[in-house]
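Asker: Build me a structure from this.
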Amino acid sequence: MARRVCLIVNPSAGGGRAARALPPVEAAFARTGLACRTVKTRDLSHARTVAGEAAGAGETTVTLGGDGLTGAVAHELRRHPDAVLGLLPGGRGNDLARVLGLPPEPVAACEVIAHGHERAIDLGEVQEPAGAARTFIGIASVGFDSVANEIANRAPSRLGNLVYAYGALRALATWRPATFDLELDGRPESFTGFSVAAANSKAYGGGMYLAPDAELDDGLLDVVISRHASRRRFLATLPKVFRGEHIHEPTIEVKRCAELRVSADRPFAMYADGDPIGDLPVTVRACPGALRVLVRAQSTAPLLPAPPAPTTRS
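Answerer: Next up, the predicted model:
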């Protein structure tokens, strides 16, 4: 019996890339014998509802869009122990697909949906003091990244993967340092600088390896602290993030924990998977093995070589 797939599509993802890929993707599923039911999302709330219905019906949920759509669907699927998620990269960033070593083109990635293996990965969750926890897959960050993400989300789609670097450069013009108060598994720490990020995965922002040593299945968050630096030094460091080499800079520190509490001296929204996920103060937690995803059949490990990683960890 053919696997039944619920294909959840964000038609506007990637400046229309997902919508353009839909007909050949549906044709590829037909060729591989997959019974496909396609649903075009109205918004992320609708995507979560559809994912829950698909899981309840025993369908494999597949997303065709960006990391924001995938994160929203993952939020719902973690409630269903037997659910499996497949990814077809159709957004601007596609960082989870990149870290998992999936083919970069949606049609090629259909082969993984048809013949891939299941792999359990961690999720992260962000919780405000009086709110419900919200799930993310990649990296949750706050501070300078909040401003950069807000700008990037309004930027023209023609910028493609460069949209996040564009947001950072625009944000730098008006940025003033913030003071952050953290608790890492109960250990207090304060610093003044740019941002703090809780990484479940290695990359965000369309190939920026903010946490090059993060693993999707270690049950921990890699916490990346970016302390104060001059604008000149920041500009010199920014290109290194695409290679994961920024972690060797004296203003960058990487720690690990299972739970992180974050507050700051002024209001910020924390962003994850490209979208706002909660306003400070928040608690960020690792959720070990909370989601099963489809990966290439020949390996359960990421197939994309990771950039250089830290040699010591706190």
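Asker: burial count for R176?
Answerer: 6 (other Cβ atoms under 10 Å). C-betas here are computed from N, CA, C, even on glycine.
Asker: And S12, by the same measure?
Answerer: For S12, using other Cβ under 10 Å, the count is 16.
Asker: contacting residues for the residue most central in space within the chain?
Answerer: The centre of the chain sits closest to G138, judged by Cα atoms, centre = their mean, with a distance of 2.8 Å. The contact partners of G138, taken as Cβ atoms under 8 Å, 6 or more residues apart in numbering, are D67, G71, D95, L96, V99, A199, N200, S201, A203, Y204, A272, D273.
Asker: ok, and the closest non-adjacent residue to it?
Answerer: Distances taken as Cβ to Cβ, 6 or more residues apart in numbering put S201 closest to G138, at 4.5 Å, once the chain neighbours are dropped.
Asker: Assign the one you found to helix, strand or coil.
Answerer: coil (DSSP: H, G, I helix; E, B strand; the rest coil).
Asker: distance of it from V284?
Answerer: 14 Å (Cβ to Cβ, to the nearest Å).
Asker: which residues are in contact with the longest helix seen in the chain?
Answerer: As assigned by DSSP state H, the longest helix anywhere in the chain is helix 17-31. With contacts defined as Cβ under 8 Å, 6+ apart, helix 17-31 is touched by 5, 7, 9-13, 36, 38, 64-66, 88, 90-92, 106-107, 110, 113-114.
Asker: Just the ones of these in helices?
Answerer: Among these, the members falling in helices (DSSP H) are P106, V107, C110, I113, A114.
Asker: For the buried ones among those residues, write the corresponding ChimeraX selection.
Answerer: Buried members of the ones in helices among the contacts of helix 17-31, defined by 16 or more other Cβ atoms under 10 Å, are picked up in ChimeraX with:
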select :106,110,113,114
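Asker: ok, so of the ones in helices among the contacts of helix 17-31, who is nearest Y209?
Answerer: Comparing the ones in helices among the contacts of helix 17-31 against Y209 with Cβ to Cβ picks out P106 as the nearest, at 23.0 Å.
Asker: got a list of what that closest one touches?
Answerer: A18, A21, P24, V25, L64, L88, P89, G90.
Asker: quick one: the helix or strand of the chain with the lowest mean pLDDT to chain centroid distance?
Answerer: The helix or strand of the chain with the poorest confidence is helix 163-172; it has a mean of 86 (mean pLDDT, DSSP states H and E). Once both centres are worked out by Cα atoms, centre = their mean, to the nearest Å, helix 163-172 turns out to sit 18 Å from its chain's centre.
Asker: Check which helices and strands that helix sits against.
Answerer: helix 144-153, helix 231-237 (3 or more Cβ pairs under 8 Å, 6 or more residues apart in numbering; DSSP states H and E).
Asker: So which of these is nearest C257?
Answerer: The nearest among these, by Cβ to Cβ, is helix 144-153 at 18.6 Å.
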